[in-house]
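Visitor: Model the structure of this input:
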Amino acid sequence: MENKKEIIAGIIIIGNEILSGRTKDLNTSTISKWLNSIGIKVQEARAVPDNEKIIINTVNEFRNKFNYVFTSGGIGPTHDDITSEAISKSFNLKYEINKEAFKILEKYYGVNEFNEGRQRMTWMPSNANLILNPASGAPGFYVENVFCLPGVPSILESMLPDLNNKLVGGNPILSKTISLRTLESEIAKSLKIVQEKNKDIDIGSYPFFRKGKIGVSIVLRSEDQNKIDICSIEIMKFVNEMQIEIVERD
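Guide: Have a look, this model is predicted:
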């Protein structure tokens, strides 16, 4: 079977509220899981403030580096929602009212309730393509390989299915998690040996704290289920030999 070319993506989370800690970033995880399911690997995620120059520079860096770029946040109705205009400047495009978005929101809110703030959400780069929003009406948009989504996690998640047929992915990226009652330092040597024997499998170890006890989740990621299964058997061999308690396996 011919291997498909690796398709990679970057995620830009935009908003002072994320960097200040007032709002928890859930969107990186949501976008990453969805992209993995359609064979697109997220290679970098970055949080940036509501600063036009930083947004422009980051978007230009990412769109030249990755096949796809996803931004989250800054496309709402308030004064600090500056993502749309920054994207326009990134591509040297005119920033203007998108007529299709205007019609969608005018119908959604009704003529009398479609005030100036809500009309701000129809300003986009010229010739932007819309990403439909089944949750709250206001569409996102994309220009070339840059896809701009809202910051509210539930709304963002509802909009992702509209993009399934607009992206070209590779083979879906599969994963398996083995959670153990142990410390990273206790399994580091054994895990390194497994990784060296399985170089084309992405093996990560992540400490967790559950019910007052410390543990480690080992996550295996690959496009090939058979390789994941082989790697899992090798890990379970040293886990059993070391008599480590298994908390959970998926």
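
Visitor: There's contact between Glu85 and Glu52 in this structure, I believe.
Guide: Yes: counting by Cβ atoms under 8 Å, Glu85 sits close enough to Glu52 to count as a contact (7.2 Å). Glycine gets a C-beta too; all of them are placed from N, C-alpha and C.

Visitor: Please identify which of the two sits among more neighbours.
Guide: Glu85 (18 against 14; other Cβ atoms under 10 Å).

Visitor: give me the number of residues near Ile235?
Guide: The number of residues packed around Ile235, counting by other Cβ under 10 Å, is 21.

Visitor: Then Met242?
Guide: That count, for Met242 with other Cβ under 10 Å as the rule, works out to 12.

Visitor: Might you list the low-confidence residue ranges for the chain?
Guide: 1-4 (pLDDT under 70).

Visitor: Okay, helices next: where are they in it?
Guide: All helices of the chain, identified by DSSP state H, fall at 16-19, 27-37, 52-65, 83-90, 99-109, 116-119, 153-159, 184-197, 225-241.

Visitor: Out of those, which gets nearest to Asn145?
Guide: Across those, Asn145 has its closest neighbour in helix 52-65 (5.7 Å, Cβ to Cβ).

Visitor: For the residue nearest the centre of the chain, which residues are in contact?
Guide: Centroid-nearest residue in the chain: Ile31, 2.9 Å away (criterion: Cα atoms, centre = their mean). Taking Cβ atoms under 8 Å, 6 or more residues apart in numbering, we find Ile31 in contact with Ile11, Val42, Phe70, Ser72, Leu149, Leu156, Leu160.

Visitor: tell me the most buried of the helices of the chain?
Guide: Ranked by mean neighbour count, the helices of the chain are led by helix 83-90 with a mean of 22 (mean count of other Cβ atoms under 10 Å).

Visitor: Okay then, goodbye and thanks.
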